[in-house]
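Trainee: need the 3D shape of this:
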Amino acid sequence: MDRYERILSLHRLLKSAHYPVPLSRLMDELECSRATLYRDVAFLRDALGAPVQSVAGEQASFRYDASEADSFELPGLWLTSDELAALMALNELIGRSDPGVLAGALAPFKARIERLLSDHGSGKALPVDRIRVISWGARKMDQQVFRIVAGATLERRQLTFRYRARTTNADSKRTVSPQRLTHYRDNWYLDVWDHDREALRSFAVDRIADPQSLEAKAKDVDDAELNDLLASSYGIFAGKPKAWATIRFSSHAARWVADEHWHSQQKGESLPDGRYELKVPYSNSRELLMDVLKYGPDAEIVSPLPLREEMKILLQLALTGYQNSSNNHH
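Mentor: I've put the predicted structure just below:
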């Protein structure tokens with residue numbers, strides 16, 4: 001442990017302790033000698049202004065003055081190696097996820113992170129190429145649109161915009177009270193109270209155009225109500241669950257599915273023959289069917305019957321497409 005981390009660890013130990021910490025424990029925790037510990041204590045007290053007190057007794061102990069412990073923090077930003085590694089991952093995530101949308105807004109923050117990622121001021125760069133972030137399925141989004149939407153959400157102001165639904169391609173004008181932004185599968189969604197429909201809705205931000213933040217204060221919807229309608233069913237589609245889907249996976253796929261998070265209320269069970277049974281609530285079947293399809297022959301929808309029949313139709317249509325394609329090539 002280098003001196004930087006020892007000072008930070010020493011500060012955190014003394015700040016969190018409600019009693020004097022013995023010298024022997026501090027030496028063990030900081031992995032240093034008595035002389036080194038005394039030098040670190042002196043630096044923490046004299047150079048950084050920490051309210052360190054020595055306590056006499058059978059063995060030397062140290063503590064923070066109780067009247068100042070809560071309010072004292074180390075000057076500047078102090079991070080351990082583990083915390084720097086986490087920050088390095090965040091830096092890479094900022095640089096590679098949604099670069100066209102977030103790069104401008106986050107550029108000042110990214111520059112600060114890069115300065116912090118030098119090896120405690122030594123100038124030695126940390127190996128950022130050891131962390132790789134790969135996005136999949138991210139859709140193009142206008143940077144200015146995102147900023148206006150995010151600003152109205154954070155400032156709690158109503159918002160107007162045009163919206164072209166991806167499923168129907170219908171264009172509509174909406175006046176909403178933004179509730180929260182959701183990042184889901186590499187894309188952004190806006191949960192809102194729709195004043196025209198008088199209901200909660202969720203919109204893909206990449207389909208929003210001409211947003212305008214209004215002076216009117218946004219209506220706040222309770223988190224419990226938001227989650228009940230927008231997060232109680234499978235995937236991004238809104239609505240209270242209409243049924244529970246039961247899906248059985250082969251013993252081969254079970255090794256992956258058993259460790260996957262599909263929904264906050266999911267129920268999973270390993271079957272005696274090695275297969276895995278997963279149950280999830282759903283409102284709109286579209287996204288659930290797509291996720292089951294990616295497992296091909298290793299997944300089977302058991303119930304409810306309408307969902308099973310819907311999957312059979314999808315598979316038949318897919319097979320028909322391949323058959324037609326085969327005929328067209330001959």
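Trainee: need phi/psi at residue 186.
Mentor: Note on residue 186: backbone dihedrals following degrees, to the nearest 10 are phi 70, psi 20.
Trainee: can you list contacts of the longest strand along the chain?
Mentor: Longest strand of the chain, by residue count under DSSP state E: strand 171-184. Applying Cβ atoms under 8 Å, 6 or more residues apart in numbering, the contact partners of strand 171-184 are 149-150, 152-153, 157-165, 188-196, 200-203, 205, 214, 218-221, 226, 236. (C-beta placed from N, C-alpha, C; glycine too.)
Trainee: hmm, 7 Å instead?
Mentor: 149-150, 152-153, 158-164, 188-196, 218-219, 221, 226, 236 (Cβ atoms under 7 Å, 6 or more residues apart in numbering).
Trainee: and residue 190, what is it in contact with?
Mentor: 149, 178, 181, 202, 203, 205.
Trainee: just checking: what are the partner strands of the longest strand of the chain?
Mentor: Next to strand 171-184 in the sheet, as set by DSSP bridges, lie strand 157-164 (antiparallel), strand 187-194 (antiparallel).
Trainee: name the helices or strands packed onto the top helix by length along the chain?
Mentor: Determined from DSSP state H, the single longest helix within the chain is helix 305-328. If you count contacts as 3 or more Cβ pairs under 7 Å, 6 or more residues apart in numbering; DSSP states H and E, helix 305-328 packs onto helix 285-293, strand 299-303.
Trainee: name the residues of it that are buried.
Mentor: The neighbour-count check on helix 305-328 (16 or more other Cβ atoms under 10 Å) flags 307, 310, 311, 314 as buried.
Trainee: relative to residue 48, how far out is the nearest residue to the third one once chain neighbours are set aside?
Mentor: Spatial nearest neighbour of residue 311, excluding adjacent residues (Cβ to Cβ, 6 or more residues apart in numbering): residue 301 at 4.9 Å. With the distance defined as Cβ to Cβ, to the nearest Å, residue 301 ends up 62 Å from residue 48.
Trainee: higher neighbour count, these two?
Mentor: Taking neighbours as other Cβ atoms under 10 Å, residue 301 and residue 48 compare with residue 301 leading, 20 against 16.
Trainee: closest one to residue 27 among the strands paired with strand 171-184?
Mentor: Distance to residue 27, taken as Cβ to Cβ, is lowest for strand 187-194 among the strands paired with strand 171-184, at 50.0 Å.
Trainee: the helix or strand following the closest one - what's its average pLDDT?
Mentor: Per DSSP states H and E, the first helix or strand lying C-terminal to strand 187-194 is strand 199-204. Strand 199-204 shows a mean pLDDT of 92.
Trainee: partner strands of strand 199-204, parallel or antiparallel?
Mentor: Strand 199-204 is paired, per DSSP bridges, with strand 187-194 (antiparallel).
Trainee: next one: the strand it pairs with to chain centre, how far?
Mentor: Relative to its chain's centre, strand 187-194 lies at 16 Å (Cα atoms, centre = their mean, to the nearest Å).
Trainee: ok, stretch 138-152 next?
Mentor: Per Cα atoms, centre = their mean, the centroid offset for stretch 138-152 relative to its chain is 18 Å.
Trainee: only the buried residues of it, if you could.
Mentor: For stretch 138-152, the neighbour count (16+ other Cβ under 10 Å) marks 138, 141, 142, 145, 146, 148, 149, 150, 152 as buried.
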